[in-house]
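Chemist: Pasting the sequence and the predicted model now:
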Amino acid sequence: MSQVNDRVREQLTATVNASGSMLRDNIVTMRNGRYCLPVKQEYKSTFPGMIHDQSATGSTFFIEPMAIVKLNNELAELAMKEQEEIEKILASLSALAAPYTEDLQKNVLLLAELDFIFAKAALSKKMQGSEPLFDQNYIHIKKGRHPLIPKESVVPIDVTLGKTYNLLIITGPNTGGKTVSLKTVGLFTLMGQAGLHIPAFDHSHLRVYEEVYADIGDEQSIEQSLSTFSSHMVNTVYILKRANKKTLALFDELGAGTDPTEGAALATAILDNLHSRHVTAMATTHYSELKVYALSTEGVENASCEFDVESLQPTYRLLVGVPGKSNAFAISGKLGLSEDIIQAAGKLIDSDAQSFEDVVAGLEQARSEAEKEREKAKRFREEAEHYKQKLKDKNERIDKAKDKILRRANEEASEILQKAKDMADESIRKYNRWMSDSGMTKEMEKERTALREELDKTGSRMSLQATQKKPKKAPEKLAVGDIVMVHSMGVKGTVSTPPNSKGKCYVQMGILRSEVDITDLELLEQETKASKKEASITHARNMKMAKAMTISTEINLIGKTVDEALPLLDKYLDDAYLAKLHQVTVIHGMGTGALRNAVQSHCKKCRYVKSYRMGEYGEGGYGVTVVEFK
């Protein structure tokens, strides 16, 4: 094959030299396993050979010259013989592996299971998920985020269902987030039962259901003669036949698409039927009658999606316990509808409905004021905590100053006492010399001993008082991983658990792990900082290893413009260089050659690129550029 390739290249070189004006570039490429030349569109009929392909723009045709057709055929025959040899080798290898077929099958299944587990973990990490709890027979989602809405724009919601009530009716304006809240509960339930984490706070509770039924969206169909109302009702009938205590039913705009009075009555009857059968359900609606039903029925609760009338924008916050207001009049007025028309419309509303809307508005205002008061109380509490901490710090500074003064006073008293001892000893020694002949030496020595004992007692009492004035003080904050000195044992250790309510924690001292009172510990801040710095360096090293394990050795830029391709290429080369790859392949195709020239020009400017070259046979030819890093 190598010999035939050389002959083909010789013939192609001669053809290129002879027909240079007809070619788009003086290069050789491969199409369908055949050597071809890029011929300009206007010369395709005059260039002798077989057309195998054309560029995306149609300006270049890839033609196999007639002079090398026989050589290409010979090369194809040799390739088939090569394939036969490959198959023989593979058959031999398969025969060697045959005794281990069962083990290999088990490994494939095990690897698939592990891959599935890691995929679930990667999804949980991406959406910052947490493991839901199934230890209670109700749903309680804390700060749940819809998994398909971007993290930077999604508004978390809190939902409880099945604890004190098993039917939740959500009301509010259009585009306010009612359907998203409905879908969030349904998706979380299915994700939890599929073994996935959910994007919510820790200790969120989910319940296991045998079936989850949903009637969401508009399934109207001309072909099936279904209107909006009919399509919803077909789904509702299906759900009513199958729903029971162990199912979750979700309804979007229940009873919509028909006469409002009849639709509201029908929706109330459907929900009441589900409620009487103890089916857990959620429904969104605009009907005021359903708000009244929720207020007057035990086990049924109202919820609403908040709407800011001033800015005419929904906040997407779900408020459980408060029915929503339609805000149609307020929105119309903000959009410029005449005040006369709005007042006339208000007179046409039934008085009971108007009074109910007023009650809802009053509840909304009271809730808003209560939230403002709560925020104010929160600020007062934080301010009080701030002053409390300042007072605590001040008292600690006073205690430290007092201890310092007492310590200094004791030291000065000890010095004075020592001087008195020395002076007394010197005086007695002088008296001994003076009285050596008088016969009173024994009495003088006795008096000296009594004085020494009294002075020693005084010194002992002062030392004891100094010790008692300085009690042991525990470190203010201890975290897992901190380096501490255990005074009772005289050794250093690492904190393994946070302190408990009794002021004790476990400390790892070499191979010994013991529970120690925190008053016996001294935090070694410098060593702790050094340890944590080393840990961060190790983490950065692990991140770089992860990058090296996931980066590909090639990037495909075919079909992209130069402006689109260069930013992708720049980031890929950075990642590949950081991952310590020695060589990478950039796939840019043939075409007009503009993308290839741009890629090679970028590589020429890149400071960490050692060299670059066109691909060889088997690497992609002139359709790729091979880049080598320094």
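Modeler: Yep, that arrived. Residues are numbered from 1 along each chain as shown.
Chemist: In space, what's closest to Gln41 - neighbours in sequence excluded?
Modeler: Distances taken as CB to CB, 6 or more residues apart in numbering put Ser59 closest to Gln41, at 5.3 Å, once the chain neighbours are dropped. (Glycine included, C-beta is placed from N, CA and C.)
Chemist: ugh, wrong one, Ser496
Modeler: Leaving out its chain neighbours, the residue that sits closest to Ser496 by CB to CB, 6+ apart is Tyr506, at 4.6 Å.
Chemist: now Lys604
Modeler: Nearest non-adjacent residue to Lys604, counting by CB to CB, 6+ apart: Tyr612, 7.5 Å away.
Chemist: and that neighbour, how far is that from Lys560?
Modeler: Distance from Tyr612 to Lys560, counting by CB to CB, to the nearest Å: 19 Å.
Chemist: Thr29 - how many residues pack around it?
Modeler: Using other CB atoms under 10 Å, Thr29 is surrounded by 21 other residues.
Chemist: Could you pull up phi and psi at it?
Modeler: With angles defined as degrees, to the nearest 10, Thr29 sits at phi -130, psi 170.
Chemist: For it, give the beta-bridge partners.
Modeler: For Thr29, the beta-bridge partners under DSSP bridges are Cys36.
Chemist: That one and Cys36 touch, don't they?
Modeler: Yes. At 5.6 Å, Thr29 counts as touching Cys36 under the criterion of CB atoms under 8 Å.
Chemist: that older thread, same drill for Tyr612 and Lys560, tell me which one is more crowded.
Modeler: Using other CB under 10 Å as the criterion, Tyr612 and Lys560 rank with Tyr612 on top: 18 against 15.
Chemist: For the chain, which segments count as helices?
Modeler: 2-18, 69-97, 101-126, 178-193, 228-242, 260-276, 288-296, 328-334, 339-348, 351-434, 441-469, 525-550, 562-578, 594-605 (DSSP state H).
Chemist: Specify the stretch among the ones you listed that is closest to Glu628.
Modeler: Distance to Glu628, taken as CB to CB, is lowest for helix 594-605 among these, at 9.7 Å.
Chemist: per-residue confidence at the residue lying closest to Val586 once chain neighbours are set aside?
Modeler: Nearest in space to Val586, with sequence neighbours left out and distances taken as CB to CB, 6+ apart, is Thr625 at 4.6 Å. Model confidence at Thr625, given as pLDDT, is 90.
Chemist: residues contacting Thr625?
Modeler: Residues near Thr625 by CB atoms under 8 Å, 6 or more residues apart in numbering: Thr585, Val586, His588, Arg596, Val599, Gln600, Cys603, Tyr612, Arg613, Met614, Gly615.
Chemist: Then Thr179?
Modeler: Applying CB under 8 Å, 6+ apart to Thr179 gives the contacts Ile216, Asp252, Thr284.
Chemist: a markdown table for these, including pLDDT and neighbour count?
Modeler: Converted to a markdown table, these look like this (pLDDT from 0 to 100; neighbours: other CB atoms under 10 Å):
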| residue | pLDDT | neighbour count |
| --- | --- | --- |
| Ile216 | 86 | 16 |
| Asp252 | 89 | 21 |
| Thr284 | 89 | 26 |
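Chemist: picking that back up, please enumerate the shared neighbours of Thr29 and Cys36.
Modeler: Contacts common to Thr29 and Cys36, judged by CB under 8 Å, 6+ apart, are Phe62.
Chemist: Test my guess that Glu211 contacts Thr247.
Modeler: Yes. With contact defined as CB under 8 Å, Glu211 counts as touching Thr247 (4.5 Å).
Chemist: Between the two, which is the more surrounded one?
Modeler: Between Glu211 and Thr247, counted using other CB under 10 Å, the more crowded position is Thr247 (18 against 12).
Chemist: And Met233, how close does it get to Ala119?
Modeler: 39 Å.
Chemist: Please identify which of these two sits among more neighbours.
Modeler: More crowded of Met233 and Ala119, by other CB under 10 Å: Met233, with 18 against 11.
Chemist: ok, the more buried one - contacts?
Modeler: Counted by CB under 8 Å, 6+ apart, Met233 has zero contacts.
Chemist: circling back to that earlier point, I'd guessed the residue nearest to Gln41 sits against Thr592; true?
Modeler: Yes. If you go by CB under 8 Å, Ser59 and Thr592 touch, sitting 6.6 Å apart.
Chemist: list the residues that contact both of those two?
Modeler: With contacts taken as CB under 8 Å, 6+ apart, the residues that reach both Ser59 and Thr592 are Arg24.
Chemist: who does the residue nearest to Val586 bridge with?
Modeler: Beta-bridge partners, per DSSP bridges, of Thr625: Val586, Met614.
Chemist: Could you number the chain from 51 rather than 1 from now on?
Modeler: Taking 51 as the first residue, the last one we looked at is Thr675.
Chemist: Can you give me every residue that contacts the residue nearest to Leu218 when sequence neighbours are not counted?
Modeler: For Leu218, ignoring the flanking residues on the chain, the nearest one in space by CB to CB, 6+ apart is Met332 at 4.8 Å. Counting by CB under 8 Å, 6+ apart, Met332 makes contact with Leu211, Leu217, Leu218, Ile219, Ile220, Ser231, Leu232, Val235, Ala299, Leu300, Phe301.
Chemist: and Met80, how many residues sit next to it?
Modeler: Around Met80 there are 18 residues (other CB under 10 Å).
Chemist: ok, now Lys233?
Modeler: Other residues close to Lys233 by other CB under 10 Å number 18.
Chemist: Let's see the pLDDT reported for it.
Modeler: 92.
Chemist: Distance check, it against Val350.
Modeler: In terms of CB to CB, Lys233 sits 21 Å off from Val350.
Chemist: For this structure, which element, helix or strand, carries the lowest mean pLDDT?
Modeler: helix 491-519 (a mean of 58; mean pLDDT, DSSP states H and E).
Chemist: Tell me which residues touch the nearest residue to Ala117 once chain neighbours are set aside, please.
Modeler: By the measure of CB to CB, 6+ apart, the closest residue to Ala117 outside its immediate chain neighbours is Gln61, 5.3 Å from it. Listed by CB under 8 Å, 6+ apart, the contact set of Gln61 reads Pro115, Ala117, Ile118, Leu121.
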